[in-house]
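Trainee: next come a sequence and a model predicted from it.
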Amino acid sequence: MASFYQEIQSNRQRSILVVIFFIIFIIGSGYLLSYYFDSQYFLPIAIVYSLASSFSGYFWGDKIVLNLNKAIPASREKYFNFYTATENLSAVAQIPVPKIYVIESPAMNAFATGRNPQNAVICATTGLLDKLDKTELEGVIGHELSHIKNYDILLMTVVSVLIGTLSILINLTSRRMLWGGDRDNDRLDGSGILMIIGIVLIIFAPIIAQLIQLAISRRREYFADASSVALTRQPSGLISALTKINADATPFKQASTATASLYISNPFKNDKIASLFFTHPPIKDRIKVLEGMM
């Protein structure tokens, strides 16, 4: 139990550090842009932008994630097995029953989001609900409930929202730098190094963001898999579910690159470039670890 509480504390601390890093990065970029364009507006805009993004990521991150992935509330009548399995396993995990959403897609995937167990959501694709039997579905739900209980959802939801807002800022900055109009020639000559920094940020910030996700995501998947087995008492259920998910090649059109790290499996498995930066360990490795628990 000590390792479980340590994991919760670690995720809370990482969430705070990610937000602090993001605020510093945006304010620093605002300062550079203010200097480069000789404008007093960029720095205050950057401060407001970074604080607003961090605030919205914490309090409304789940709604943003659900909207990005085109998720809709699941009705109890239509998705009865999904509801009952979530309710039963939530009771075992001793956490409130999360809200339940679905994504209308034949692809097989699921994720959890929210800031804490009292404000959490589990979302699954209709393809996953159609193709998994009860035991397999319980294994997936147990995995997602584990992310909720140990506060992985807070960390990854905040990271996903901040990365999404960062990509918007980068896009706007790149346009301003390329089409910013006339600038004072002396200032331009004296700030060439800042232009180089700006170009580097535009090119590499998305990659850096994905590497941050990579660093904080891989261990949590093994932990959630093991916690799912502890909840369901059936390693075979999650093993079978992961095997089916891994074999499914159906395109997942609704998936968002900003929130890909939340999913139980790579939603862009058919995209080799996007897959290079996927944050989860290979499913085959996860299955191997689970088989050792049988």
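Mentor: Cool, the structure landed. Since the structure is predicted, the reported quantities are computational estimates derived from the model, not experimental observations.
Trainee: from here on, just use CA atoms for contacts and neighbour counts.
Mentor: OK.
Trainee: tell me the secondary structure for G114?
Mentor: strand (DSSP: H, G, I helix; E, B strand; the rest coil).
Trainee: Q118 touches S90, doesn't it?
Mentor: No. Look at Q118 against S90 with C-alpha atoms under 8 Å: they stay out of range, at 11.6 Å.
Trainee: out of the two, which sits in the more crowded spot?
Mentor: Shown here are Q118 and S90; by other C-alpha atoms under 10 Å, S90 has more neighbours (21 against 14).
Trainee: pLDDT score assigned to the more buried one?
Mentor: Note on S90: pLDDT of 97.
Trainee: helix or strand: which one has it?
Mentor: helix 80-93 (DSSP states H and E).
Trainee: quick one: buried residues of that helix?
Mentor: N81, F82, Y83, A85, T86, E87, L89, S90, A93 (16 or more other C-alpha atoms under 10 Å).
Trainee: strands paired with the next helix or strand after it, and their directions?
Mentor: Sequence-wise, the next helix or strand downstream of helix 80-93 (DSSP H and E) is strand 99-103. The strands that strand 99-103 pairs with in its sheet are strand 72-73 (antiparallel), strand 119-125 (parallel) (by DSSP bridges).
Trainee: could you tell me the angle between strand 99-103 and helix 80-93?
Mentor: For strand 99-103 against helix 80-93, the angle by axes from the mean of the first three to the mean of the last three C-alpha atoms, to 10 degrees is 140 degrees.
Trainee: count of residues packed around N266?
Mentor: That count, for N266 with other C-alpha under 10 Å as the rule, works out to 24.
Trainee: what helix or strand is it on?
Mentor: Using DSSP H and E, no helix or strand contains N266.
Trainee: my guess is it meets A260, correct?
Mentor: Yes. Contact criterion C-alpha under 8 Å: N266 and A260 qualify, at 6.9 Å.
Trainee: helices of the stretch 1-150 of the chain, start to end?
Mentor: 2-36, 42-59, 61-68, 80-93, 126-131, 134-149 (DSSP state H, counting those that start in this stretch).
Trainee: point out the most buried one among those helices.
Mentor: Mean neighbour count, computed with mean count of other C-alpha atoms under 10 Å, is highest for helix 134-149 among the helices of the stretch 1-150 of the chain, reaching a mean of 26.
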